[in-house]
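**Student:** just need the structure, nothing else, for what follows:
(one chain, ligands or ions: 2)
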Amino acid sequence: MLTLSNPDLLKQRCFIKDGWHAAVDGTTINVTNPFNGEVIGTIPSLTEQDVNDAVAYAHKVQKTWAAKTAQERAELLQKWADLIDDNKEDLAILMTAEQGKPISESRGEIGYANSFIRWFAEEGKRVYGDTIPATQANLRYVVLKQPVGVCAAITPWNFPAAMITRKAAPALAAGCTIIIKPATETPFSALALGVLAEQAGIPAGVIQVVTGKSSMIGDILTGDARIQKLSFTGSTEVGRTLMAQCAPTIKKLSLELGGNAPFIVFDDADLEKAADGLIASKFRNAGQTCVCANRVYVQASIKDKFLDIFVKKVQALSVGDGAKEGVDIGPLINQDGLEKVQALLQDALDKGATIVTGGDKNDASALSFNPTVITDLNSDMDIASEEIFGPIASIFTFETEEEAIQAANDTIYGLASYFYSRDFARAWRVTEGLEYGMVGHNTGMISTEVAPFGGVKQSGFGREGSKYGIEEYVVTKYWCSDIS
Ligand SMILES: NC(=O)C1=CN([C@@H]2O[C@H](COP(=O)(O)OP(=O)(O)OC[C@H]3O[C@@H](n4cnc5c(N)ncnc54)[C@H](OP(=O)(O)O)[C@@H]3O)[C@@H](O)[C@H]2O)C=CC1
Ligand SMILES: O=C(O)CCCC(=O)O
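**Tutor:** Ligands and ions are numbered 1, 2, ... in the order given. This next block holds a predicted model:
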C-alpha cells in the first residue's frame, strides 16, 4: 500500500484537454510494483478519439503559449520546479513503487529531472537569432528562431521523471506544446508531474499526458501532421519504427536509443577510482540505463589486480526492496527484462564464459538478480553486441590501445563510452578515436543538465540538455528584406 503525504499525486486519470479524464470507454490498465507485484493503481487505456482530442487541444493552445514572452514561460516553469522540490519525497516514493529503483536513486532522479526544468526555463530566454551582413546595400538578412509547434514525447520506464522533463522543459521554454506518452510500466511519475504543472499555472493543453496502447498512440502521434516534432527515448528497434512512421509527415525528430557502452581500463589508470566508476556506471538502476557500462575492457597486465578490487565492491552491494533505505539494487522492471538478462548470461556461459560472482536470481523478489561479474568472454557472444539492461559486468581483456579502441567501436551503437587513464596524450587519442556521442574520462557518471546528452550511429541523433537541447524545439526562419 502506497502512502504519500500528498495523495493527490497518485493520479489515475490522463492529463488531457482541460484537465483529468478517463478513457471515453472507461478501459483501464493495472500498474504494478515490480518488487512485490502489488497493483499500485490503474491508468486509462485511452481510445483513438481521446488521443486525437489531445492532439487537437495541443494544436489549439500552441499559438497562445508561444505568444507569451520567454520570461513569462520561465516564471511558470520555475513555479513548476518549486512544486516538484516541495513534493520531492512523495515523487521519489512513487517512482520507486512503480520502477523499483532504490529510493536514494529516485530522490536523485527527481533532483536531476528538476534540473532540466530550471535550466531550460533560463535557456528559453537565450534563444537568439542572428543578423547577417547582406550582399546588396538594399537588403537586410535576419535569422529568427521560432518554436517548432506541437511536439510529442514517448518515454521509457528506466527514468520515469527525468526523461519527461528533459523533453518537456525545452519544448515549453521554446513556446511549444507537448503530448507525453510515458511507458506503461511507469506512468504515475509522469502523471504526478502533470498534477504539479497544472498547480503551477501552466495553461491547460500546454502539457498533456496520455496513456494506453503504445502502438495506437504512436500511430496517432507520428501520423498527425499537426504534430511537428517527436522526441523518443527507448529501444533502437522501436526508434526505427517511429522514424519510419514519421517519414510521411516529415517530422523533426530526436532519437535517444539503445547503447552498448565500452568501459576501458588502461594499465596506467587509478584502479580504485576505475572500480568505483564502474560500480556507479554498471549498477545504477540495476544496470537498466542506456549509458550503463555494457562491455568492460581491461588491459591484460592489470586484469587480476583490477578484478580483485572490483569484485570486492560488487559483493558488497545489497539487493532488495528499493523502498528500503540502504538497498543498492532493486528488481528488474519485468519478466521480459529478467529473461533477457538470463538468456544473455546463458549464451555467454555456453560459449565458454566464467562466472566470478553472482550469476543467479536473488531471493528478495521474483525479479531480483544478483550483481554479476563474468570473464573469459569473446566477441561472438551475444553479450558483446546486445544491450544487457541488467546487473552483469562483462569483463573482456585487451593488449594495446589500438585494439581497445577497435573493439570499443565494433558495435552498431554509439551513445556513451568510458575510459580510465592518467596519460594525457592517450586521453586525447582515445577520446578522438571513440565513435560515441559521449565520452567519460576517469569518471563513470557523465549526465548533467548543462551538457549535451545523445548518441551517434544507431544510438540515434539529437541532443538533450545544455544549450544544444533547446535547438531541438526551434526552427530557423530566414528573413530577407528589401528596404529600398
Ligand atoms: N535508450 C533507453 O534508455 C532505453 C532502452 N531500452 C532498451 O529496450 C529494451 C526493451 O525495453 P522496452 O521497454 O521494450 O523499450 P521500448 O522501446 O519498447 O519502450 C520505450 C517506450 O516506447 C513505447 N513504445 C513501444 N512500442 C511502441 C510503438 N510501436 N509505438 C509507439 N510507442 C511505442 C513504450 O510504450 P509501452 O511502455 O506502452 O510499451 C515506451 O513508452 C531494453 O531491454 C533496453 O535494451 C529500453 C528502455 C529505455
Ligand atoms: O538510460 C536512459 O534512457 C537515460 C539516461 C539517463 C541519464 O540521463 O543518465
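
**Student:** what residues are up against residue 241?
**Tutor:** residue 218 (C-beta atoms under 8 Å, 6 or more residues apart in numbering). For every residue, glycine as well, the C-beta is placed using N, CA and C.

**Student:** and it, how far from ligand 2?
**Tutor:** 18 Å (C-beta to the nearest ligand atom, to the nearest Å).

**Student:** repeat that for residue 203.
**Tutor:** 28 Å.

**Student:** secondary structure element holding that residue?
**Tutor:** Residue 203 belongs to no helix or strand when assigned by DSSP states H and E.

**Student:** number of residues surrounding it?
**Tutor:** By other C-beta atoms under 10 Å, 15 other residues sit near residue 203.

**Student:** what's the neighbour count on residue 431?
**Tutor:** Neighbourhood size, residue 431 [other C-beta under 10 Å]: 14.

**Student:** name the nearest residue to it, ignoring sequence neighbours.
**Tutor:** Closest residue to residue 431 apart from its sequence neighbours, by C-beta to C-beta, 6 or more residues apart in numbering: residue 439 at 5.0 Å.

**Student:** go on, residue 18?
**Tutor:** residue 204 (4.7 Å).

**Student:** so the residue nearest to residue 431: helix, strand or coil?
**Tutor:** Secondary structure assignment for residue 439 (DSSP: H, G, I helix; E, B strand; the rest coil): strand.

**Student:** count of neighbours near the closest residue to ligand 1 within the chain?
**Tutor:** Ranked by C-beta to the nearest ligand atom, the top residue of the chain for proximity to ligand 1 is residue 218, at 2.4 Å. Residue 218 is flanked by 20 other residues according to other C-beta under 10 Å.

**Student:** close to ligand 2, is stretch 217-236?
**Tutor:** Yes - Stretch 217-236 reaches ligand 2 (C-beta under 6 Å from any ligand atom) through residue 233.

**Student:** could you do stretch 169-189 as well?
**Tutor:** No - judged by C-beta under 6 Å from any ligand atom, stretch 169-189 stays clear of ligand 2, getting no closer than 10.6 Å.

**Student:** if we can go back for a sec, measure the residue nearest to residue 18 to residue 61 for me?
**Tutor:** To residue 61, residue 204 is 7 Å away according to C-beta to C-beta, to the nearest Å.

**Student:** thinking again about what came up before, pull out the buried positions in the helix or strand containing the residue of the chain closest to ligand 1.
**Tutor:** Applying DSSP H and E as the criterion places residue 218 in helix 214-223. By neighbour count on 16 or more other C-beta atoms under 10 Å, the buried set for helix 214-223 is 217, 218, 220, 221, 222.

**Student:** do the same with stretch 30-50
**Tutor:** The neighbour-count check on stretch 30-50 (16+ other C-beta under 10 Å) flags 31, 33-35, 40-47, 50 as buried.

**Student:** same deal with stretch 16-27?
**Tutor:** Buried residues in stretch 16-27, defined by neighbour count with 16+ other C-beta under 10 Å: 16, 17, 20, 21, 22, 23.

**Student:** relative to ligand 2, which of those residues is nearest.
**Tutor:** Distances from ligand 2 to the buried residues of stretch 16-27, taken by C-beta to the nearest ligand atom, are shortest for residue 16, at 25.0 Å.

**Student:** quick one: pLDDT of the nearest residue to that closest one once chain neighbours are set aside?
**Tutor:** Excluding the flanking residues, the one nearest residue 16 by C-beta to C-beta, 6+ apart is residue 54, at 4.4 Å. pLDDT for residue 54: 98.

**Student:** what residues are up against residue 54?
**Tutor:** 14, 16, 17, 179, 208, 210.

**Student:** for the second one, give me phi and psi.
**Tutor:** I take that to be residue 16. phi -130, psi 160 (degrees, to the nearest 10).

**Student:** show me what contacts it?
**Tutor:** Applying C-beta under 8 Å, 6+ apart, the residues contacting residue 16 are 46, 50, 53, 54, 57, 208, 209, 210.

**Student:** pLDDT value on residue 111, please?
**Tutor:** 98.

**Student:** then residue 71 would be within a helix, right?
**Tutor:** Yes - membership of residue 71 in a helix is supported by three-state DSSP.

**Student:** please renumber the chain so that the first residue is 3 from this point on.
**Tutor:** Understood, numbering begins at 3; the last thing we discussed is residue 73.

**Student:** my read: it touches residue 128, true?
**Tutor:** No - when contacts are counted by C-beta atoms under 8 Å, residue 73 is not listed as touching residue 128 (11.6 Å).

**Student:** and residue 482, which of the three is it?
**Tutor:** Put simply, residue 482 is strand when judged by three-state DSSP.

**Student:** neighbours of it, how many?
**Tutor:** 10.

**Student:** go on, the one 3 residues further on?
**Tutor:** Using other C-beta under 10 Å, residue 485 has 8 other residues around it.

**Student:** where does residue 121 fall, phi/psi-wise?
**Tutor:** The phi/psi pair for residue 121 (degrees, to the nearest 10) reads phi -60, psi -50.

**Student:** what's the pLDDT at the residue lying closest to it once chain neighbours are set aside?
**Tutor:** Once flanking residues are discounted, residue 121 sits nearest to residue 451: 4.3 Å by C-beta to C-beta, 6+ apart. With respect to pLDDT, residue 451 has a value of 98.

**Student:** residues in contact with residue 347?
**Tutor:** Counting by C-beta under 8 Å, 6+ apart, residue 347 makes contact with 355, 361, 374, 376, 385, 394.

**Student:** and the residue nearest to residue 109 when sequence neighbours are not counted, what helix or strand is that in?
**Tutor:** The shortest distance from residue 109 to any non-neighbouring residue, by C-beta to C-beta, 6+ apart, is to residue 94 (4.5 Å). Using DSSP H and E, residue 94 sits in helix 90-101.

**Student:** which residues are contacting the helix or strand where residue 280 lies?
**Tutor:** Element membership of residue 280, judged by DSSP H and E, is helix 273-285. Applying C-beta under 8 Å, 6+ apart, the contact partners of helix 273-285 are 263, 265, 267, 293-295, 298, 304, 307-308, 311-312, 315-316, 319, 330-331, 373, 393, 395, 420, 422, 442, 444-447.

**Student:** check stretch 88-97 too.
**Tutor:** For stretch 88-97, the surrounding residues in contact (C-beta under 8 Å, 6+ apart) are 4-8, 11-12, 86, 103, 105, 108-109, 111-113, 162-163, 188, 190-191, 194-195, 198, 325.
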